[in-house]
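Trainee: need coordinates for the following:
(one chain, ligands or ions: 1)
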Amino acid sequence: MKHAVISASGVSHSFDTGPTPVTVLRDIDVEVYAGELLMLVGPSGSGKTTLLHILGRLLSPSSGVVTLYGKNTQALGEEELAALRLKYFGFIFQAYNLFPVLTATENVMVMLDLLGVSREIARERARELLKSVGLGQRLDSFPSQLSSGQRQRVAIARALAGDPKIVMADEPTAALDAESGLRAIELLQMLAHQQERAVVIVTHDPRILQFGDRVIHLEDGQIAERLATPRAPSPSPLHAMGAL
Ligand SMILES: Nc1ncnc2c1ncn2[C@@H]1O[C@H](COP(=O)(O)OP(=O)(O)OP(=O)(O)O)[C@@H](O)[C@H]1O
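Mentor: Modelled structure (predicted):
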């Protein structure tokens, strides 16, 4: 039987930052599995990013339970959660969050440094990761010298630095043209299908929906619909291009 990597049950969340609390998620049940690309879609404000943050344990839900490999994470303190995120998760955010004064290699090395990897080994590993996402020719480029698609691939390489079992991406193709978006989503699909990682993506982008093994629609903080799409049978064209 397939075991869930992440399981959220009865998750609700309210933000208490304004004069009145705003409930943004209501009684959500979601399971995430290794080897699948799960997409969270829905209108703006429906709670997709909030749910991604809760599944990634960047945010604790107001109520409900999130388990990681069967272990309840609710009682963990901030330090334990930070260690958990470092160990299991790779995050890719829309704005890339690359350091402008660091090269592509150095941007990936920052993550390895956090993981306690020595500088020399980190440099080697960062280069390997960048080559694996097709950036072997741009190792020493600064973010400003890269296209948006290349910057996104640096962000993907950095998210993979700790060899995470779970990769989470918020709008990974939103800022990309069609060709770069396709390459990015194929790369993320490869991480799920060929490397058995669990990949969770929040997206508005109709061009990439077909890549999801499952698509969960959120409407006003609730799950409106789950769709299963067939797994792509053919190997990624990125392989043929020698990018992976
Ligand atoms: N830190 C916060 N404090 C208060 N309200 C918040 C906070 N973060 C999000 N919200 C509110 O929660 C609701 C859901 O936001 P969320 O970002 O999860 O939606 P989304 O579906 O990802 O939207 P979009 O597609 O526009 O990014 C929105 O109404 C938003 O204004």
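
Trainee: and the longest helix along the chain, C-alpha only, in CSV?
Mentor: Ranked by residue count and defined by DSSP state H, the top helix of the chain is helix 178-193. These are the backbone C-alpha positions of helix 178-193, laid out as CSV (Å, rounded to 0.1, in the frame of the first residue of the first chain):
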residue,chain,number,x,y,z
ALA,A,178,6.1,29.2,-22.8
GLU,A,179,9.3,27.5,-23.6
SER,A,180,11.1,28.1,-20.3
GLY,A,181,7.9,27.3,-18.4
LEU,A,182,7.7,23.9,-20.2
ARG,A,183,11.3,23.1,-19.4
ALA,A,184,10.8,24.0,-15.7
ILE,A,185,7.6,21.9,-15.4
GLU,A,186,9.3,19.0,-17.2
LEU,A,187,12.2,19.2,-14.8
LEU,A,188,9.8,19.2,-11.8
GLN,A,189,7.9,16.3,-13.3
MET,A,190,11.2,14.4,-13.7
LEU,A,191,12.0,15.0,-10.0
ALA,A,192,8.7,13.2,-9.1
HIS,A,193,8.6,10.4,-11.7
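
Trainee: quick one: contacts for the residue nearest the centre of the chain?
Mentor: The centroid of the chain falls nearest to M168 when counting by C-alpha atoms, centre = their mean (1.5 Å). Residues in contact with M168, defined by C-beta atoms under 8 Å, 6 or more residues apart in numbering, are L52, L55, G56, F89, G90, F91, I92, V199, V200, I201. Bear in mind the C-beta positions are built from the backbone N, C-alpha and C, glycine included.

Trainee: wait, the first one touches V202, no?
Mentor: In other words, L52. Yes - contact status for L52 versus V202: in contact at 5.1 Å, counting by C-beta atoms under 8 Å.

Trainee: what touches both of those two?
Mentor: L40, D170.

Trainee: report the buried residues of the helix or strand harbouring E128.
Mentor: Using DSSP states H and E, E128 maps to helix 119-132. Buried residues in helix 119-132, defined by neighbour count with 16 or more other C-beta atoms under 10 Å: A122, R123, R125, A126, R127, L129, L130, S132.
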